[in-house]
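K.L.:
Here's a sequence, model it:
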Amino acid sequence: MRGLLAVLLAVSLVGCSAAAAGLNSYQSPDGRYAFLYPTGWTRVQVSGGPQVVFHDLINSDETLSLVVSEVNPDNDLSDLGSAVAVGERLRRQVIAPEGSGRAAELLQAEERQEGGRTFYDLEYAVHLQDRDRHELATVVVDRGRLYTFAASTNEIRWSKVNDLFHQVVTSFTLLV
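P.N.:
Predicted coordinates:
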């Protein structure tokens, strides 16, 4: 009985530590934006890709990325369309463009107000030839820039990191 109790305690402590994994903060060198990322993740340099990329050291398949694109400086996010319209455009043009060998489904698209700005929070199921993935993203427009902040993992791990990824993605904030 004592051995069973020890095993149950060890399992519950491991589960609690995974669920309460710490978060570190990142702020851009120019002070424009900030976000949280999971402890144990590291920043990697990618040329010709996203502006910022982090990945988990243990599960290197889990990534966090920020893409900054230019848009008309007179536009705000609603000028680009509704959350569903922007989510579908992102799905077709970035996540699973024709000929990429990927298929994606927009599972959820919601609008959120934060700090006087409109954000669209998006959730995708992404199907690759050899595996399925899950991706969360948030998009916001500021001063002629479209920020797309996304976290992605394989579908097998999704149930374990769902809450953490929601917390990370919705932590993205503009500072100026």
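K.L.:
going forward, measure contacts and count neighbours with C-alpha atoms only.
P.N.:
OK.
K.L.:
Tell me, please, the helix or strand in this protein that averages the lowest pLDDT.
P.N.:
helix 2-19 (a mean of 37; mean pLDDT, DSSP states H and E).
K.L.:
elements contacting the following helix or strand past that one?
P.N.:
For helix 2-19, the following helix or strand on the C-terminal side (DSSP states H and E) is strand 23-27. Under the contact criterion of 3 or more C-alpha pairs under 8 Å, 6 or more residues apart in numbering; DSSP states H and E, strand 23-27 touches strand 33-38.
K.L.:
Just want the angle from the strand it packs on to strand 23-27.
P.N.:
Angle between the axes of strand 33-38 and strand 23-27 is 160 degrees (criterion: axes from the mean of the first three to the mean of the last three C-alpha atoms, to 10 degrees).
K.L.:
In strand 33-38, which residues are buried?
P.N.:
Buried residues in strand 33-38, defined by neighbour count with 16 or more other C-alpha atoms under 10 Å: 34-38.
K.L.:
outside of that strand, which residues touch it?
P.N.:
In this structure, residues lying in contact with strand 33-38 by C-alpha atoms under 8 Å, 6 or more residues apart in numbering are 21-28, 54, 56, 64, 168-169, 171-176.
K.L.:
mind redoing it with 7 Å?
P.N.:
21-28, 168, 171-175 (C-alpha atoms under 7 Å, 6 or more residues apart in numbering).
K.L.:
Strand partners (parallel or antiparallel) of that strand?
P.N.:
With DSSP bridges as the test, strand 33-38 is paired with strand 23-27 (antiparallel), strand 173-174 (antiparallel).
K.L.:
Save those strands as CSV, and put in distance to Asp76 too.
P.N.:
Compiled in CSV, those are given as follows (distance: least, C-alpha to C-alpha, whole Å):
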stretch, distance to Asp76
strand 23-27, 23
strand 173-174, 14
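K.L.:
Out of those, which one sits most buried?
P.N.:
Most buried of those, by mean neighbour count (mean count of other C-alpha atoms under 10 Å): strand 173-174, with a mean of 18.
K.L.:
Show me the shaky parts of this protein.
P.N.:
1-21 (pLDDT under 70).
K.L.:
can you pull out the helices in it?
P.N.:
2-19, 77-80, 83-90, 155-169 (DSSP state H).
K.L.:
Cool, thanks, signing off.
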